[in-house]
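In: Next come a sequence and a model predicted from it.
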Amino acid sequence: METIKTIIKEHITYRDQIFMLAKSDLIKTYRGAALGWAWAVVKPMVTLFVFWFAFTIGLRAGKPIAGYPYFLWLVAGMLPWFYMQELITGGAGCIRKYSHLVTKMRFPISIIPTYFNISHLFTHLILLGITIVLFMLFGHLPDIYYLQIPLYMLMMVAFFTVWSLLSGLLSAISKDFQNLVAAFSTAIFWMSGILYDVDKIRHGWVRLILKFNPVTVISSGYRKTFIYKQWFFEDKVELCCYMTTLIVFTLFALWAYRKLRKEIPDVL
């Protein structure tokens, strides 16, 4: 409880700096590029085109799903992945990346993962807007199910803030952990139901294990909103699996923060 109080107090004290640093980080990412902010959209669009071409033109496997073109089904699941992909690897290296805040300014370590997540959330909001417009161009107007998008965004930010704190601390102590995360990032993509529907896997125990993966739950949640028109509370097992994973990772993150926060400045 003392660790939780410390983290909350740090966030309240530095609340203004969090958004200032998030904005500064976002500007720094695209500074000097001719296209500027357009790169936040170009990279995801290229990725989507490659997958659409491979599955629809190359493999000819892109059949309509639930009355929606395969391309829209793909976009709905890939939308949160672009954010989560950055946080899986980037979150693990965020404390090392901004080590000067810890070593030179004595900035609270718990703040770094938070503003790092917020800076990437801005890009996600831009892509979300583009996705909604894209669905509208295909004749699918926003409906009441869109009200749960903020909930899935909150679930996404909550878990990956915790993940960034835990993995960032461990990576600061040992760079091998950061390399391990980078090595498994591709495996996470292919095993998280981004390109397939987890609920259609025949083996029930495999489906259950995959639902403990927040990437699977959140990607599925976006598709339930845009494609399947289902509410978040309709799959209680999925929701319980997510909460279990979040609680476990939060406990590990709190433990790591309590044990390592005083050692990190010396290590870096």
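Out: Sure thing, it's come through.
In: Could you list the low-pLDDT ranges of this protein?
Out: Within the chain, the stretches with pLDDT under 70 are 29-40, 55-62, 268.
In: for it, what spans make up the strands?
Out: Using DSSP state E, no strands are assigned anywhere in the chain.
In: centroid residue for it?
Out: Closest to where the C-alpha atoms of the chain average out (Cα atoms, centre = their mean) is Met84, at 2.4 Å.
In: Pretty sure that one sits against Met156.
Out: Yes: with contact defined as Cβ atoms under 8 Å, Met84 reaches Met156; the gap is 6.7 Å. C-betas here are computed from N, CA, C, even on glycine.
In: list residues touching both of those two?
Out: Common contacts of Met84 and Met156 (Cβ atoms under 8 Å, 6 or more residues apart in numbering): Ile218.
In: on that earlier part again, apart from its neighbours in sequence, what residue is nearest the residue nearest to the centre of the chain?
Out: Leaving out its chain neighbours, the residue that sits closest to Met84 by Cβ to Cβ, 6 or more residues apart in numbering is Val215, at 5.5 Å.
In: How about Glu2?
Out: Once flanking residues are discounted, Glu2 sits nearest to Arg258: 7.9 Å by Cβ to Cβ, 6+ apart.
In: for Lys229, same thing?
Out: Nearest residue to Lys229, sequence neighbours excluded (Cβ to Cβ, 6+ apart): Tyr145, at 5.4 Å.
In: Could you pull up phi and psi at Lys262?
Out: Phi and psi for Lys262, reported as degrees, to the nearest 10, are phi -80, psi -20.
In: Distance check, it against Ala187.
Out: Separation of Lys262 from Ala187 (Cβ to Cβ, to the nearest Å): 34 Å.
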